[in-house]
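Chemist: got a sequence here, can you build the structure:
(2 chains)
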Amino acid sequence: MKNWLHGIRTLVWKDLVQEWRSKDMLTAMFAFAILTLFIFNYAIELSPVNRAEIAAGIIWVVIVFAGTLGLNRSFTAEQDQGCFDALVMAVPDLSVIYLAKLLTNFLVMLFLTVLVIPVYSLLYNQSLFSLPLLGVLVLGAWGYAAAGTLIAGMTVQTRMRDLLLPILLFPILMPVNMAVVKAAGGILAGAAWQDYSLWVALLGVYGIIVTVISILVFEYVIRE
Amino acid sequence: MRLEAHDISKSFGSSRVLDGLAISLEGGQMVCLLGRNGAGKTTLLRVLSGLLRPSAGEMRLDGEILDFADDHNRQAVGLVMHQPYLYEHLTGLENLRFYSRLYQTGLEQKELVSHLSRVGLGKSGQKPVRGYSRGMKQRLTLARALLHDPKILLLDEPYTGLDLSGSQLLNKLLLEEQEQGRLILATTHELTYAHQIAKRFDLLSRGKIAESIQNEDLPLQELEAWAARFLDSQPSKKAVPV
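Modeler: Purely as a prediction, here's the structure:
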């Protein structure tokens, strides 16, 4: 267990330092997110009636699409320099690589969320600063990163990785997408906890199940 | 220490790259693997390192079956391949520190710097790897491969990118490693350098070790003639169909 945690910490440190210096993922994700928010701002007219539901949808769609850019890059540093082989030989268990990448992707998603929300508030003149909303987005980001890291680990070994990742990932993300939009919409509309608690529970369960399954199958995915 | 591989086969689709190969390697000896491009040298190194599962056959280290599911066995191998396995945005020292932590070597900063100095990179350790030349990366790759004190060292074309002084430094290091009892298998086309340190040369052809020659006071010209005669007489077919 100690070896496991040590391996995860070492890999996350390396990923974050690499990303901080190269800014490959963050720059692309943030630029994409801002551009998409601008497009939505011109394309969709928000009325007081649909404001809550649509705001939740816009925020999550922007985060998911921008996040896909990051997921695509998350394994390429390993792939480009052949470092994946070196990691496979060094770590005590291949699930260490999965969990480290999951944590890095999750942190990057949170960072993106923290950047996107103020920009949205500015553009749409609607405050989104609410702790329950942040909680829902955190749970959604975990589920997204858990599924996305596994699929990115699979597709990075193929020539068509850029195309394959969203095609394989988005159907698996349907429960997360629905749950985030419904729960966040409920929060923004001022609904009672009982009205959206089921969606929050679904997010939690999805995150746990996908993480556990991914830990179990990651070695098979990488080796085969 | 003794590494033995018996009846190793490896197929990719319908192509059989290794076909019942047998090889035996002793600790403290460097063996050079020669063969045409596409003969399966890199595939053999990947199989011996546990990165590829052989389609058939078994490997034994000191008589015990080598099971790469065991992390101790995976970590017994140091590997230098065509790709450097280095992170471009980290410095040379940070790359070594990263791998040192993953292998839990417990090496201190001073020891990591001495690893860098050993490969002639003592003054470049604080520079990001993206600014390194091909030769510098190759030196750092060697330091990385030796960092966790592996029993087995597998090198794929280790002289690639090295200038004269780099190649001489590599030979000096490999001699020291042999003296420490490390088991070394290297593929190379650079017979001039390899001749100075290797104890044996094996020729890989049609998925098998076709011929071997001991390097005991063997003149370089004789070695070159032997290799040329053998390699020139072999068909250039990349792999044997199954």
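
Chemist: and the gap between the nearest residue to residue A:161 once chain neighbours are set aside and residue B:49?
Modeler: Using CB to CB, 6 or more residues apart in numbering or on different chains and skipping the chain neighbours, the partner closest in space to residue A:161 is residue A:155 (4.3 Å). Placement of C-beta: from N, CA and C, glycine included. The spacing between residue A:155 and residue B:49, counted by CB to CB, to the nearest Å, is 25 Å.

Chemist: got it, and residue A:176?
Modeler: 38 Å.

Chemist: which single residue of chain B ends up nearest chain A?
Modeler: When distances are taken as CB to the nearest CB, chain B approaches chain A most closely through residue B:83, which lies 2.8 Å from it.

Chemist: three-state assignment of that residue?
Modeler: With DSSP: H, G, I helix; E, B strand; the rest coil as the basis, residue B:83 sits in coil.

Chemist: that one contacts residue A:82, correct?
Modeler: Yes - under the contact definition of CB atoms under 8 Å, residue B:83 touches residue A:82, with a separation of 2.8 Å.

Chemist: need phi/psi at the residue of chain B closest to chain A.
Modeler: Note on residue B:83: its backbone torsions stand at phi -80, psi 140 [degrees, to the nearest 10].

Chemist: and for it, the neighbour number?
Modeler: The tally of other residues near residue B:83 (other CB atoms under 10 Å in any protein chain shown) stands at 17.

Chemist: cool, the one 3 residues further on as well?
Modeler: Residue neighbour count, defined by other CB under 10 Å, stands at 22 for residue B:86.

Chemist: helix/strand/coil for it?
Modeler: Local secondary structure at residue B:86 is given as coil here, using three-state DSSP.

Chemist: break chain B down into its domains, please.
Modeler: Structural domains annotated on chain B: B:1-76+B:150-242, B:87-149, as defined by automatic domain parsing.

Chemist: nearest to the spatial middle of chain B, which residue is it?
Modeler: residue B:155 (1.5 Å; CA atoms, centre = their mean).

Chemist: the domains of chain B into JSON lines, with extra columns for distance to residue A:217 and mean pLDDT?
Modeler: Listed next are the domains of chain B as JSON lines, based on distance: least, CB to CB, whole Å; pLDDT from 0 to 100:
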{"stretch": "domain B:1-76+B:150-242", "distance to residue A:217": "16", "mean pLDDT": "88"}
{"stretch": "domain B:87-149", "distance to residue A:217": "23", "mean pLDDT": "94"}
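
Chemist: if we can go back for a sec, my read is the residue nearest to the centre of chain B is in a helix, agree?
Modeler: No - Residue B:155 is assigned strand when assessed by three-state DSSP, not a helix.

Chemist: thought it was touching residue B:49?
Modeler: No - taking CB under 8 Å as the contact criterion, residue B:155 and residue B:49 are not neighbours in contact, 10.9 Å apart.

Chemist: quick check: closest non-adjacent residue to the residue nearest to the centre of chain B.
Modeler: Here the residue nearest residue B:155, using CB to CB, 6+ apart, is residue B:186, at 4.0 Å.

Chemist: I figured the one you found hits residue B:34, correct?
Modeler: No - Residue B:186 lies out of contact with residue B:34 (CB under 8 Å); the separation is 10.1 Å.

Chemist: now stretch A:126-142: buried residues?
Modeler: Of the residues in stretch A:126-142, A:128, A:133-134, A:136-137, A:139-142 count as buried by neighbour count, 16 or more other CB atoms under 10 Å in any protein chain shown.

Chemist: would you turn the residues you listed into TSV with secondary structure?
Modeler: As requested, the buried residues of stretch A:126-142 are arranged in TSV below (three-state DSSP):
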residue	secondary structure
A:128	coil
A:133	helix
A:134	helix
A:136	helix
A:137	helix
A:139	helix
A:140	helix
A:141	helix
A:142	helix
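
Chemist: which one of those sits closest to residue A:35?
Modeler: The shortest gap between residue A:35 and any of the buried residues of stretch A:126-142 belongs to residue A:128, at 19.0 Å (CB to CB).

Chemist: need the contact list for the closest one.
Modeler: Counting by CB atoms under 8 Å, 6 or more residues apart in numbering or on different chains, residue A:128 makes contact with A:55, A:59, A:117, A:120-121, A:188.

Chemist: rerun that using 10 Å as the cut-off
Modeler: With contact set as CB atoms under 10 Å, 6 or more residues apart in numbering or on different chains, residue A:128 has these partners: A:55-56, A:59, A:116-118, A:120-121, A:134, A:137, A:184, A:187-188.

Chemist: re earlier: any idea how far the residue nearest to residue A:161 lies from chain B?
Modeler: Going from residue A:155 to chain B by CB to the nearest CB, to the nearest Å gives 20 Å.

Chemist: what about that residue, how many residues close to it?
Modeler: Under the criterion other CB under 10 Å, the count of neighbours that residue A:155 has is 22.

Chemist: tally of neighbours for residue 80?
Modeler: The chain I'm using is chain A. Counted with other CB under 10 Å, the neighbours of residue A:80 add up to 12.

Chemist: oops, I was thinking of chain B
Modeler: There are 23 residues near residue B:80, going by other CB under 10 Å.

Chemist: how far does stretch A:165-184 stretch from start to finish?
Modeler: Its start and end residues considered, stretch A:165-184 measures 26 Å (CA to CA, to the nearest Å).

Chemist: chain center to it: distance?
Modeler: 10 Å (CA atoms, centre = their mean, to the nearest Å).

Chemist: and that stretch, what's buried?
Modeler: Going by neighbour count (16+ other CB under 10 Å), the buried part of stretch A:165-184 is A:165-166, A:168-169, A:172-173, A:175-177, A:179-184.

Chemist: the helices in chain B, which residues?
Modeler: Secondary structure of chain B (DSSP state H): helices located at B:41-48, B:71-74, B:92-103, B:109-118, B:134-146, B:164-179, B:191-197, B:220-233.

Chemist: dump those helices to TSV, plus mean neighbour count and distance to residue A:8.
Modeler: Converted to TSV, these look like this (neighbours: other CB atoms under 10 Å in any protein chain shown; distance: least, CB to CB, whole Å):
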stretch	mean neighbour count	distance to residue A:8
helix B:41-48	23	26
helix B:71-74	16	15
helix B:92-103	23	11
helix B:109-118	16	22
helix B:134-146	22	21
helix B:164-179	16	32
helix B:191-197	18	40
helix B:220-233	13	47
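
Chemist: could you dump these to a markdown table with distance to residue A:70?
Modeler: Compiled in a markdown table, the helices of chain B are given as follows (distance: least, CB to CB, whole Å):
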| stretch | distance to residue A:70 |
| --- | --- |
| helix B:41-48 | 30 |
| helix B:71-74 | 29 |
| helix B:92-103 | 21 |
| helix B:109-118 | 31 |
| helix B:134-146 | 27 |
| helix B:164-179 | 38 |
| helix B:191-197 | 44 |
| helix B:220-233 | 48 |
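
Chemist: out of these, which comes closest to residue A:108?
Modeler: helix B:92-103 (19.1 Å).

Chemist: now the angle from the closest one to helix B:109-118?
Modeler: Here helix B:92-103 points in a direction 120 degrees away from that of helix B:109-118 (axes from the mean of the first three to the mean of the last three CA atoms, to 10 degrees).
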